[in-house]
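Asker: Dropping a prediction and its sequence here:
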Amino acid sequence: MKEIICLHVGQAGCQIGHACWELFCLEHGIQPDGSLLTNNCLNEYDQSLLTFFEDIAHKYTPRMLYIDFETTVLDEVRSGSYRQLFHPDRIITGKEDAASNYARGYFTLGQKLIDHVLEQIRRITNHCHSLQGFLIFHSFGGTGSGFTSLLMEHLNINYSKKTCFEFVIFPSPKLSTIITEPYNTVLNTHISLEYADCVFIVDNEALWDICTYSLNIQKGNFVHINRLLAQVISNITANSRFKEGNIIDFNEFLTNLVPFPRIHFPLVSYAPIQSIDKAYHEQNTTQSLTQELFHRNNQMIKVEPSNGKYMSVAIIYRGLAVPINVNRTINKLKNERKISFVDW
């Protein structure tokens, strides 16, 4: 089994990560203390579960690291309901905040923390039979930008043949609370361009709009946004975590989704997105779901899809999707020319 290690950097990365592990545990029937549910005997023989979890004396521990310079967010993890799930050594905090300053995360505070982080990564990799790569969760404009750049440079040196994927929060066009966000983003994007194999980008403005207008959440907060992102990440990684269906590794993603090595910043779209009131009155067919994916209201970044052309598209269906219906839907999209691709 090819293992995957998740690295959650900064406040945004740690909060998204906590929502992801909460969802992963629910999907696999793992309790907050790391043990399997008593009536869940199927996962005992499911080796694909070990892609993201370690089995230590019938207790499942995530293959991950939480990394943040200040302790507020991670103290919530240490005292929360899932505190027994995580290994204490894999929750790493500094003594002072980087204040969303790229230079502090890269040069000063990051240099003090990087050796300890690399040592913990080395320990996790020693428990892997065949490491596939890394998933890094962070924000381009926030605290995690500087330290993520430093970390990726070291990962490229120590694990140069391993795949590196990123899930990042990109700055929003109109919604911003950090004055240094544009500078952090430019510097961090350069590192991601060089060292990451694929970077999935979303922005808070699009996510807020989805929560407000599509899900009808009147008083949304970051918990709603993080759980929405967790659904996307769960679907992308589902083929690695479950033995049913085709097992797709990172290299297959890169082959089908990345047309050129340096053009590896795909946009994220998700369907269906429906409020609780509408969920039981909608009929979700393969055709309707596929058409929704290409609508701007379902995209998790503020762009107008009709103004440009697609270079490549990867659609992941989860559930009972009949291949015949999928082929018919794709052919209909091509014939109606609702989406346009670049001319190769």
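Answerer: Here it is on my side, so go on. Residues are numbered from 1 along each chain as shown.
Asker: and stretch 89-96, which residues are buried?
Answerer: 90-94 (16 or more other CB atoms under 10 Å). (C-beta placed from N, C-alpha, C; glycine too.)
Asker: can you check stretch 67-87 too?
Answerer: Buried-residue list, stretch 67-87, by 16+ other CB under 10 Å: 67-70, 73-74, 77, 82, 85-87.
Asker: So which of the residues you listed belong to strands?
Answerer: 67-68 (DSSP state E).
Asker: Quickly name whichever of the buried residues of stretch 67-87 is closest to residue 156.
Answerer: Nearest to residue 156 among the buried residues of stretch 67-87 is residue 67, at 17.3 Å by CB to CB.
Asker: Relative to residue 305, how far out is the closest one?
Answerer: For residue 67, the distance to residue 305 (CB to CB, to the nearest Å) stands at 34 Å.
Asker: How about residue 140?
Answerer: Taking CB to CB, one finds residue 140 at 21 Å from residue 305.
Asker: Which of the two has more residues huddled nearby?
Answerer: Set side by side, residue 140 and residue 305 show more neighbours around residue 140, with 25 against 17, by other CB atoms under 10 Å.
Asker: pLDDT value on the more buried one, please?
Answerer: Predicted confidence (pLDDT) for residue 140: 93.
Asker: Same check on residue 247?
Answerer: 58.
Asker: ditto for residue 316
Answerer: 89.
Asker: Using the three-state scheme, assign it.
Answerer: Using DSSP: H, G, I helix; E, B strand; the rest coil, the structure places residue 316 in coil.
Asker: do residue 169 as well
Answerer: Criterion first, three-state DSSP; result for residue 169: strand.
Asker: doesn't residue 143 make contact with it?
Answerer: No. Counting by CB atoms under 8 Å, no contact exists between residue 169 and residue 143, whose distance comes to 11.5 Å.
Asker: okay, these two: which has more neighbours?
Answerer: residue 143 (28 against 24).
Asker: hang on, isn't the more buried one packed against residue 11?
Answerer: Yes. Proximity of residue 143 to residue 11 meets the contact threshold set by CB under 8 Å, at 6.0 Å.
Asker: what do these two both touch?
Answerer: By CB atoms under 8 Å, 6 or more residues apart in numbering, residue 143 and residue 11 have these common neighbours: residue 68.
Asker: hang on, the earlier thing: save the buried residues of stretch 89-96 as JSON lines, and put in distance to residue 321 and secondary structure too.
Answerer: Shown next, in JSON lines, are the buried residues of stretch 89-96 (distance: CB to CB, whole Å; DSSP: H, G, I helix; E, B strand; the rest coil):
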{"residue": "90", "distance to residue 321": "36", "secondary structure": "helix"}
{"residue": "91", "distance to residue 321": "38", "secondary structure": "strand"}
{"residue": "92", "distance to residue 321": "40", "secondary structure": "strand"}
{"residue": "93", "distance to residue 321": "42", "secondary structure": "strand"}
{"residue": "94", "distance to residue 321": "45", "secondary structure": "coil"}
